[in-house]
Every structure is written in C-alpha cells, then in structure tokens.
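Visitor: Have a look; sequence and predicted model below, questions after that.
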There are 2 protein chains.
Amino acid sequence: MQLGKRKLQILQAVIDDYICSGEPVGSRTIAKKYGMGISPATIRNEMSDLEEMGYLHQPHTSAGRIPSDKAYRLYVDKLMKIRMLTAAEAEYIKKIYEQRTAEIEKVIEQVARILSDITNYTSVVLGPQLNKVLIKRIELIPVDGQYALLLVVTSAGIIKDTIIRIPADVDSGYLNRVSNMLTVHYRNKTFAEVDINSIQDVQKEMTRQKEFFNSLVDALTESIAQKEQTEVYLGGTTNIFNFPEYRDIRKAKAFLSLMEQKDLLYSLLSKFDKKGVTVVIGTENECEQMKECSIVMTTYSIGDKVLGTMGLIGPTRMEYSKAVSVVRYVGETVSKYLTSLFEE
Amino acid sequence: MQLGKRKLQILQAVIDDYICSGEPVGSRTIAKKYGMGISPATIRNEMSDLEEMGYLHQPHTSAGRIPSDKAYRLYVDKLMKIRMLTAAEAEYIKKIYEQRTAEIEKVIEQVARILSDITNYTSVVLGPQLNKVLIKRIELIPVDGQYALLLVVTSAGIIKDTIIRIPADVDSGYLNRVSNMLTVHYRNKTFAEVDINSIQDVQKEMTRQKEFFNSLVDALTESIAQKEQTEVYLGGTTNIFNFPEYRDIRKAKAFLSLMEQKDLLYSLLSKFDKKGVTVVIGTENECEQMKECSIVMTTYSIGDKVLGTMGLIGPTRMEYSKAVSVVRYVGETVSKYLTSLFEE
DNA sequence: TGTTAGCACTCTCGACCGTTGAGTGCTAAT
DNA sequence: ATTAGCACTCAACGGTCGAGAGTGCTAACA
C-alpha cells in the first residue's frame, strides 16, 4: 500500500490533534477540525489503512486512533512544520549571556532551567565531558595559611577546583614545587590517563610530608573521578505532572525515579554526540523505562570540540516542532557563548 | 476531664498504630494488639473521651480514629520512647567523615543524601548562613593568564569562589592591589554590610580598567548575593511516594512543587536556629501547603556558631522517634566534623 | 471505482444500586 | 466501672445499565 498525499494529510491531522489533546482521535474530529472536504467515512477507510501500515492503532475497538512511534518518526522526519521561536522565547534564551561567571558548570545549570521553563518539559543537560580534554596545568594555590586550592586547567579552558587543608608546616614554596611536579607529569594528558600513583618524584616527597600528601592524592583522585563521571543537571522535573498520561501515580513515580538515576541518564544521553538535533522516539530508546518517552537533544561545544549534550524529555506525544526549535536554538546560543568565553 | 494513665496508654497505642499503618485505628485493634486487659467497649469509651478532648478524630462515623496534631505534639513531648540508632545507621552516618574536601557545600550535600537514605523521608539542609559571618579576606588570584579566581575567606573558615575573566593587560600586581583594597575595606564586615559601590579607591581605579572593573564588581556582588540567599539541598524527594496518603496525584504534585520552591523552604527552616531538635507538627506550620506535613530539624554549627539548619519533612504520621534520633545524631556528627575542619 | 450515508455493533465511562464489613454508640447486665 | 450485646452508620466493593463515542460493514450513489 502507498502513503498517498491524502493519507499523509490525515496522519498529520491525527498526530497534531493527539499531541495537543492526548485523547484518541476519531474520524469525525478530523473531518470537522481539519476538514478537507471528505466525509468521516472516507477518513475511516484511510485510517483503517494507516492502521494496517502500522502508523496508527486503537486502544480499543470503539475508540479513536493514536499515532504509533513509527508515525511520530515520519512526522519528525517529513511532516512536521518548522516552527520559529517566538520573540519572548528568543528573549528568554538570551539570559544565557547574562552570566557573570566563567564557570562552565554555572552556565550549564542555568541552561537546564531555561530549557524547561520555555518548553514545560523536563530538561537534562550533561556537564562538560572532560575525558577527551587535555590537562594544561595543575596548581596548588595557598589560601589563608591552612588551606590550598587545587586547580586543574584544561585545554577547553575549563577550570575546576577543590579546597584542601594543608598542614601548618607546608609552605608556599613547597606547594609550588609540588604543583610544578604535577604539571610536568600531567601536561597534555587526558583525565583518563592520569594515574596518580605513577609519579616517582611525588613518591619521594611523600616520605617527608606523608599525611599531607595522602590527602592531596585523595583530593586529586577524587577531583579526576568527579570530572570523569560527568554531572547531570535537571530542570522542571515536576513538569511531568502536567501530562494526563502521568496521572497514574506509578508512572509519575517511575519517571521521577528515572530522573534521579543520574548515571543512567548520562549513559543514555552521552551516546549521541553528533551535531544538530537528534530525536529519539519512544521504543527507539534502548532503556526500558523510557519506552513511553521521547528525547529531543543536541550537543554544545567550544569551537569545534563537542563538550556535552542537552535535551528535553517528555511523553512521546511531544510538541516536537517546538522542542526541536528551542533545543536547536539554545544549543547554538550556548555554544556561541562558551566559545566566546574560552576560545581565543 | 483528666488525661489519666490509661487514656495515655490508649492514645499512645493509637498513635503508634496509625504511624505504622496509616489507617484509622479501631477499638478492637487496640484491644488485640496492645492488649492491656480491657475490652474494646472500654477502649471505645476512653477514645470517645479522647476525641472530646481534641486528641483524636474520626474521618467518618463508622471509621476508627486518627490522632490529631495535638496528639502528635503530646506524643513527641511526653509519650514517645527514645530510640537508639541501629549499628547500621550509625555506621552509615559515619560516612560524613569520609569527605576529602574542605568545601562545606560538598559536606552539606552529602548530609542531605545520608539523612534521606536512612530515614526514607525527604531531607532538607540549608547551606551555611553567611550573613552573620565576618569577612576576613578577599583575594583575586590570577590563573592561567586570562582568568582570576575570586576568593572570599570568612571567619567561619568558609571559602567560596567564582572564576572571572580578566583582560590581557591586567597583571598580577594590579590584581594584588585590588585584592588588598577590597580586603582593607571589607575586613570584619558581614556580607550584609558590603556595599560595593561605596569604595572610593576602587572607583578611582575604575577609570583605568573600566570594563574589567565592572565585571569584577558584578562577580563580587553576585557572589555576595549568592551567599546571602543560602542554598537549599534536598534529598529523597521521591520518597514521598512511599506514603499512601500521597497516592493522590495532586497531593504528590503539591508536595514536590513545594520542594522546588527553595526560597520558601529557606524562609521556613531558617527561623528555627536554636540548638537541639525542633519538631513542627502539621498545622503548627505557618505555611499553608505544609499543614499536612511535619518537620523534624536541628542546627549544625562550627564551634558555637550556628551555621545552618537541617531536617526531615514527612507526613504528620511520621516515625518521630526515628526521625528525631537520626536528625539529632547527624546534626551532632556534622557539627563535630565541621568544627574539627575549620576551628583551630 | 472512489465516496458516502446509514446502521448495527463494540467498548468505555459514569451513575446507580445493594451488599459487606468495620467500627461506633447506647443500653442493660455484671 | 466494665463489658456483652445490639442496632446503626458509612465507605468500599462489585455488578448492572444506559449514554456516548467511535468503528466497520453494506449498499447506494456519482
């Protein structure tokens, strides 16, 4: 059977209506709302065909039709109209530029909020993936006598830090020497390549300041571990309650629990690192608990380097056109902003 | 009417049973489970009295009784048995000591998780309240040429930082001068007293490095603002789904939305800053949306200085004995740990 | 041959019982 | 003062029934 023009029109009408109402769509509704000069009976025939072809299905005999994931896929790839951002949306997204700090994590956090505020979906943003990034410098900066700041400067211009305590008899000269030692060893390595125990010089020093050194090694190890397991930022998790399909408390709970499993979210999203917007619909998801959700996501970068992924999660009957346009624009804006910050 | 010993026993039985089952408790149940050699009929009479006195009420005529907030208050103040921590709980709480970093925020974050993990309630921990704390030093530390780290060292030993960008022609000598200037001005002031525009010297400098200075002032202002509006850390927000009274999707949504209103939570919790454990039961809460919840909270401190509040939020039929013992122990442990870290 | 009106059929949903069971309050006996 | 007995109340459960929405099929029509 062929997917003629009329079938496509009807399919689009069903999808549009279902996305907005969440209720199965009947032939009468289509005829009335999207009237294209054909009777409900004709539409019924076409819908019956579409069902046979796997684009629609009925929850029960005497109900209207619901689009299948296959239908959404067609919709996203071919049918969907490209939607422009409203002025208010574009304005809101500009907030990204209002950041004062050069800390990438803060920017990312705000992006998550912006995404969910605009779309009323749940947003997920992965923090910068640092495993491919090169270490430029490691520094121990004395602060206020008893503390030192452990800084790691990377090629992506990202700087993160931990505050550690130092014993009274460690002076700044000593810290300097250790910093230099660490830098010499780790310059141009990735975080994955760092093996803290491998440093010979360091181990010699250890005999002298054993306790301090242990805590330094601990801090560095943890700092590295933390950077390897990227952080996951969420926005608008309770937005899911707005959808009638999540009235069922068990579904809502399942969804929210899923959102709490950061490592799972991370492994789901981090797979997609190609540029442009990716849409994963329902059962296309590998993860069992996500079979009724869709993800619309994109990457963000500094210059050409892809740093992380951001996206929206919602029910499969998502407003794809809106989601795609917002995600695309936010992704581009963030990339531009980060590039302007860190790329010289 | 007097609250005789037997009435108290019965009241306690009702509360204990209701806390654990969530179902209205009938006279038969009491007689059987908590048998004290009296018949259901007698218990009925006593319960009727207790109802008259405002300690119990019935959801409808032919149902068992439910304790009122007044009853819970009596229970918490007088009836409740003090519960010891289990070995496993104590062990779990010890995790606090496993922190590597001296960043107070990281510690707090973990505390929130520990509290909710152990109790299966939702935990709320307010970050350190810095408005009463004195500034010791402000430093701008050059990092990697184009960035500087803005550090604020306070009398509570707390150090927080923001990374800002600096123009190419600002050298470390200049940063040093600015740091010194800021330190001289703000030493021994609280964050609340800081008025960035008040510095005369600073304004003079501004003519020379106007753009940088604006961004510095912005960063400092924001850093201060951020410290004034304390952060709120949550743990186990979805635990609320475990309670049958939150099966109702609207209630669950209301609760979760409440948890997202950090400023409201902050203003609710920050009022209570006396040492020891405070319990606020249902309608004792001023906040309308919390009338069906109880809060069990305590403070944490460095030395004698109270820094913040931590607690558990759950339905009024909370396991108060468990909640109180855990909150107390965690509070004490955190205080001890922080004191050992920051107090010399 | 494609379209459509008509109609019987299916299925969900909400309203409306009657029944069940838990729990009460009252009364009278102990 | 306590308690057994009993009538009464009410929520919850389950079944029936009609309304309404929507379908598929058939036969007529262009």
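Guide: Thanks, I have it. Residues are numbered from 1 along each chain as shown, chains lettered A, B, ... in the order given.
Visitor: And the helices in the stretch 51-200 of chain A?
Guide: In chain order, the stretch 51-200 of chain A shows helices spanning A:69-74, A:87-93, A:104-119, A:172-186, A:200-206, with DSSP state H, counting those that start in this stretch as the criterion.
Visitor: same question, the stretch 201-344 of chain A
Guide: A:210-228, A:249-260, A:262-270, A:320-342.
Visitor: For burial, what's the neighbour tally of the residue of the stretch 51-200 of chain A found nearest DNA strand C?
Guide: Among all residues of the stretch 51-200 of chain A, residue A:62 sits closest to DNA strand C, at 2.6 Å; criterion: Cβ to the nearest atom of the strand. C-betas here are computed from N, CA, C, even on glycine. The criterion is other Cβ atoms under 10 Å in any protein chain shown. On that basis, residue A:62 has 8 neighbouring residues.
Visitor: same thing with the one 3 residues further on?
Guide: Burial measure for residue A:65: 26 neighbouring residues, criterion other Cβ under 10 Å.
Visitor: ok, now which ones touch it?
Guide: Under the criterion of Cβ atoms under 8 Å, 6 or more residues apart in numbering or on different chains, the contact list for residue A:65 reads A:14, A:24-26, A:47, A:50-51, A:56-58.
Visitor: cool, and residue A:141?
Guide: With contact set as Cβ under 8 Å, 6+ apart, residue A:141 has these partners: A:148-149, A:151, A:175, B:141, B:143, B:149.
Visitor: swap in residue A:53?
Guide: Residue A:53 is in contact with A:1, A:3, counting by Cβ under 8 Å, 6+ apart.
Visitor: go again using 6 Å as the cut-off
Guide: With contact taken as Cβ atoms under 6 Å, 6 or more residues apart in numbering or on different chains, residue A:53 is in contact with residue A:1.
Visitor: Residues of chain A that sit close to DNA strand C?
Guide: A:37-39, A:41-42, A:45, A:60-63 (Cβ under 7 Å from any atom of the strand).
Visitor: The residues you listed: which ones sit near DNA strand D?
Guide: Checked against DNA strand D using Cβ under 7 Å from any atom of the strand, the residues of chain A next to DNA strand C give the following subset in range: A:41, A:61-63.
Visitor: Wait, residue A:66 touches residue A:24, no?
Guide: Yes. Counting by Cβ atoms under 6 Å, a contact exists between residue A:66 and residue A:24, whose distance comes to 5.3 Å.
Visitor: Narrow the contacts of residue A:65 to just the buried residues.
Guide: Applying 16 or more other Cβ atoms under 10 Å in any protein chain shown to the contacts of residue A:65, the neighbour count classes A:14, A:24-26, A:47, A:50, A:56 as buried.
Visitor: now, among those, which is nearest to DNA strand D?
Guide: Looking at those and their distance to DNA strand D, the nearest is residue A:26, at 3.0 Å (Cβ to the nearest atom of the strand).
Visitor: With adjacent residues omitted, what lies nearest to the closest one?
Guide: Nearest-residue entry for residue A:26: residue A:64, 3.7 Å, with adjacent residues in sequence omitted and distances by Cβ to Cβ, 6 or more residues apart in numbering or on different chains.
Visitor: List the contacts of the one you found.
Guide: With Cβ under 6 Å, 6+ apart as the criterion, the residues that contact residue A:64 are A:24-26.
Visitor: Looking at the residues you listed, spot the one nearest chain B.
Guide: When the contacts of residue A:64 are compared for distance to chain B (Cβ to the nearest Cβ), residue A:24 comes out closest, at 21.4 Å.
Visitor: right, so the helices of the stretch 201-344 of chain A: which one is the most enclosed?
Guide: Among the helices of the stretch 201-344 of chain A, judged by mean count of other Cβ atoms under 10 Å in any protein chain shown, the one packed with the most neighbours on average is helix A:320-342 (a mean of 20).
Visitor: chain center to it: distance?
Guide: When distances are taken as Cα atoms, centre = their mean, to the nearest Å, helix A:320-342 is centred 12 Å away from the chain's centroid.
Visitor: try stretch A:285-304
Guide: For stretch A:285-304, the distance between its averaged C-alpha position and the chain's averaged C-alpha position is 6 Å (Cα atoms, centre = their mean).
Visitor: buried stuff in it?
Guide: Within stretch A:285-304, the residues that qualify as buried by neighbour count (16+ other Cβ under 10 Å) are A:285, A:290, A:292-302.
Visitor: and stretch A:329-341, does that touch chain B?
Guide: No. Applying Cβ under 6 Å from any Cβ of the partner chain, one finds stretch A:329-341 separated from chain B by no less than 7.0 Å.
Visitor: Report the rounded mean pLDDT for that stretch.
Guide: On average, the pLDDT along stretch A:329-341 is 92.
Visitor: And stretch A:128-136, by the same measure?
Guide: The pLDDT scores in stretch A:128-136 average 77.
Visitor: end to end, how far does it reach?
Guide: One end of stretch A:128-136 sits 16 Å from the other (Cα to Cα, to the nearest Å).
Visitor: May I see the buried residues of it?
Guide: Taking 16+ other Cβ under 10 Å as the neighbour-count basis, stretch A:128-136 is seen to contain the buried residues A:128-130, A:133, A:135-136.
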